[in-house]
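> generate coordinates for the sequence data below:
(chains A and B)
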Amino acid sequence: MITAERKPMAEIRAMLAPYRKILVVGCGSCVAECASGGEKEVGLLASALRMDAKIEGRTIEVREMTIDRQCVYEFIDQLTGIADRYEIILSLGCGAGVQAVAEVFPKMLVIPALNTTFIGETKEPGLWVENCRACGDCKLGYFAAVCPVTRCAKGLFNGPCGGSKNGVCEVDPDSPCAWQLIIERLENAGRSDLLEAIYPPADWSRQQGKGPKKIVREDQRSEG
Amino acid sequence: MKADSNLKSILANNNFAVTAECGPPKGADPGVIRKKGAVLKDHVDSVNVTDNQTGAVRLSSMAACAILKQEGLDPVLQMVTRDRNRIALQSDVLGASSLGIRNILCLSGDHQSFGNQKEAKGVFDLDSIQFVQAVRRMRDEGRIIGGEQLSDPPRLFIGAVANPFADPFDYRVVRLAKKVAAGAEFIQTQCIYNLKRFAEWMRQVRERGLDKKVFILGGVTPLKSVRMAEYMSRQVAGMDVPDGIINRMRGVDPKDQRREGIRIAVETVGALKEMEGVHGVHIMAIEWEDVVPQIVEEAGLYPRPRTSEE
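As a prediction, this is how the structure comes out:
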């Protein structure tokens, strides 16, 4: 999933300061799973904004809406006819959601309530870890399903640096050394041979070669 | 001025090589480099210049190497992949050769989070092994990554590093083998305090016949104090300072600890001289370059052999 964390309240308050009519829009997908932008978090944030206004003696109008996916137009359409009654949309979607909503409502300002952080997994309740950088050229098959691009602090393709000690990374003692994991998993799988091979330089053009990436699938492009 | 690498000649003639490390200043004064160069010149074969070590901004390694070259030394240009993508790396390799620098040491570099620019973007477009391979192909095939032909190949003796004290231990020799396969001609190791572990690593190196394919220079760093020993042991990952060494430093009066650190360094050099497959030592006296001549002399490695000049 795409993970995100709520921005500090001070930053959100500062961005909202000029506005009185606010539509707070959550997303029921990834950011709901990581408890940062779902219906519950929309409710909490809207309440906080109303509370702020009350304490400061301001009148504001805050409406809460959570749609299933903020990155898909069909779902965003649920805001049509509602959005234009507000001065601003405060989105609790990921960066993709914020921009998709803005695309659908070209005349409206949309501001993010979250900092989109990474593609990752729910490791345990309350703990999410990054494990994919969307490099566009998945190499997990060579590295026993442990991504060196993401999980090695230096993104090394040819083995651990000199900072691997007792299974952890020198950069962050709370992070396992990705290469320790790769070596153990390849050895357990009887594929130590892969450890001897020199992996060539990566093709980063698949990640950032010509600006934003696109996927075009003719088989998915129905008319109408 | 020699037109080829002095380090390469020394090693090729079966001499036990001595290299030292010179850290550039956090400032623009070339005098600091000249002074360190003058201290080291007669006592070592080549001098490494570190490349923004620990991720802290310092005078550039390339510039410092050019200054040392002017002063008649044989510099080893350390270049890390942390700060440069493959365009900049390959460009600087050509630039180094054009300045008469004849040795390069290819590293990934200390992670930027340890330095004084923690917000910097770590590049790591290539890793150290890919970088070694790229330099080797530039030199031997005259081609850059992707295959384009150079008008004139760089002339460089190509080195890499090895850390026998990091984990997983049994993979360390595999990684060395990969560096050799990628094209490394000489290896400088992490500082050696745990001779037992280093000897075990060297046994694995010999078992694979790697000592016949690459020149190995053992790293030696004299300790200044028991505090430094404790710091290195606890705070620097991949550094192995056994309790025996720490206790030995603690056992002497603080004012004599430098002397004891030098003694340990000299003993380590002595042990490395006797170890099969070790072709030299690399003395990294951190901000203490002027102790290097004493270590070299006490270790019986002075005077240095003269190689033929062009």
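> which stretches of the stretch 201-310 of chain B aren't confidently modelled?
Residues of the stretch 201-310 of chain B that meet the criterion pLDDT under 70 lie in B:308-310.
> tell me the SS of the residue of it found nearest chain A?
Going by Cβ to the nearest Cβ, chain A is nearest to B:Ala237 of the stretch 201-310 of chain B, at 3.3 Å. Backbone N, C-alpha and C define where each C-beta goes, glycine included. Secondary structure, DSSP: H, G, I helix; E, B strand; the rest coil: B:Ala237 is coil.
> equivalent analysis for A:Asp52, please.
helix.
> next up, the contacts around it.
If you count contacts by Cβ atoms under 8 Å, 6 or more residues apart in numbering or on different chains, A:Asp52 has them with A:13, A:58.
> what separates it from A:Arg13, distance-wise?
7 Å (Cβ to Cβ, to the nearest Å).
> ok so, going back, correct me, but the residue of the stretch 201-310 of chain B closest to chain A touches A:Glu170?
Yes - counting by Cβ atoms under 8 Å, B:Ala237 does reach A:Glu170; the two are 3.3 Å apart.
> name the residues contacting each of these two.
Counting by Cβ under 8 Å, 6+ apart, the residues touching both B:Ala237 and A:Glu170 are A:163-164.
> need the strands for chain A, in chain order.
A:2-6, A:21-27, A:61-67, A:88-91, A:109-112, A:114-124, A:127-132, A:164-165, A:168-169 (DSSP state E).
> among the ones you listed, which is nearest chain B?
strand A:164-165 (4.6 Å).
> number of nearby residues for A:Ile215?
6 (other Cβ atoms under 10 Å in any protein chain shown).
> again, but for A:Glu39
16.
> ok, B:Gly37 next?
22.
> what about it, which helix or strand?
B:Gly37 belongs to helix B:30-40 when elements are defined using DSSP states H and E.
> what average pLDDT does that helix get?
Mean per-residue pLDDT for helix B:30-40: 98.
> which residues does that helix contact?
By Cβ under 8 Å, 6+ apart, the residues outside helix B:30-40 that reach it are B:20, B:22, B:24-25, B:47, B:49, B:59, B:63-64, B:67-68, B:71, B:73, B:289-290, B:292-293.
> any of the residues you listed buried? List them.
Buried subset of these (neighbour count, 16 or more other Cβ atoms under 10 Å in any protein chain shown): B:20, B:22, B:24-25, B:47, B:49, B:59, B:64, B:67-68, B:71, B:73, B:289, B:292-293.
> how about the residues of chain B near chain A?
B:82, B:86, B:108, B:111, B:113-114, B:122, B:124-130, B:133-134, B:145, B:161, B:163, B:165-168, B:171, B:174-175, B:177-178, B:181-182, B:190, B:237-238 (Cβ under 8 Å from any Cβ of the partner chain).
> try it again with 6 Å
Residues of chain B that fall close to chain A, judged by Cβ under 6 Å from any Cβ of the partner chain: B:108, B:111, B:113, B:124, B:126-127, B:129-130, B:163, B:166-168, B:171, B:174-175, B:178, B:182, B:190, B:237-238.
> out of those residues, which sit inside helices?
B:129-130, B:171, B:174-175, B:178, B:182 (DSSP state H).
> tell me the two of these that are most distant?
B:Gln130 and B:Tyr171 (17.7 Å; Cβ to Cβ).
> out of those two, which sits in the busier spot?
Between B:Gln130 and B:Tyr171, B:Gln130 has the larger neighbour count (other Cβ under 10 Å), namely 25 against 21.
> quick one, phi psi at the residue lying closest to that one once chain neighbours are set aside?
Leaving aside its chain neighbours, B:Gln130 sits nearest to A:Pro201 (4.9 Å; criterion: Cβ to Cβ, 6 or more residues apart in numbering or on different chains). Dihedral pair for A:Pro201: phi -50, psi 140, per degrees, to the nearest 10.
> A:Pro201 and B:Ile104, how far apart?
Taken as Cβ to Cβ, the span from A:Pro201 to B:Ile104 is 18 Å.
> the more surrounded of these two?
B:Ile104 (27 against 16).
> element containing that one, please.
Here B:Ile104, judged by DSSP H and E, is contained in strand B:103-107.
> mind listing what's buried along stretch B:209-219?
Of all the residues in stretch B:209-219, those buried under the rule 16+ other Cβ under 10 Å are B:210-211, B:214-219.
> now stretch A:84-96
Across stretch A:84-96, burial judged by 16+ other Cβ under 10 Å covers A:86-96.
> just the helices in chain A please.
A:9-16, A:30-33, A:39-56, A:73-76, A:95-104, A:148-151, A:178-188, A:193-196, A:205-208.
> and those helices as a markdown table, adding mean pLDDT and distance to B:Pro30?
Shown next, in a markdown table, are the helices of chain A (pLDDT from 0 to 100; distance: least, Cβ to Cβ, whole Å):
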| stretch | mean pLDDT | distance to B:Pro30 |
| --- | --- | --- |
| helix A:9-16 | 97 | 46 |
| helix A:30-33 | 97 | 54 |
| helix A:39-56 | 97 | 57 |
| helix A:73-76 | 97 | 61 |
| helix A:95-104 | 98 | 47 |
| helix A:148-151 | 97 | 40 |
| helix A:178-188 | 97 | 40 |
| helix A:193-196 | 94 | 44 |
| helix A:205-208 | 86 | 38 |
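> would you reformat these as a markdown table and include distance to A:Gln220?
Formatted as a markdown table, those follow (distance: least, Cβ to Cβ, whole Å):
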| stretch | distance to A:Gln220 |
| --- | --- |
| helix A:9-16 | 36 |
| helix A:30-33 | 21 |
| helix A:39-56 | 29 |
| helix A:73-76 | 14 |
| helix A:95-104 | 17 |
| helix A:148-151 | 28 |
| helix A:178-188 | 34 |
| helix A:193-196 | 35 |
| helix A:205-208 | 20 |
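> surely B:Trp201 is in contact with B:Pro164?
Yes - if you go by Cβ atoms under 6 Å, B:Trp201 and B:Pro164 touch, sitting 3.7 Å apart.
> looking at these two, which one has more neighbours?
Ranked by neighbour count (other Cβ under 10 Å), B:Trp201 and B:Pro164 place B:Pro164 first, with 26 against 23.
> got the contact list for that one?
B:172, B:198, B:201 (Cβ atoms under 6 Å, 6 or more residues apart in numbering or on different chains).
> try 8 Å this time
Here B:Pro164 is in contact with B:172, B:189-190, B:192, B:197-198, B:201-202 (Cβ under 8 Å, 6+ apart).
> lowest-scoring secondary structure element of chain A by mean pLDDT?
Between all helices and strands in chain A, the lowest mean by mean pLDDT, DSSP states H and E belongs to helix A:205-208, at a mean of 86.
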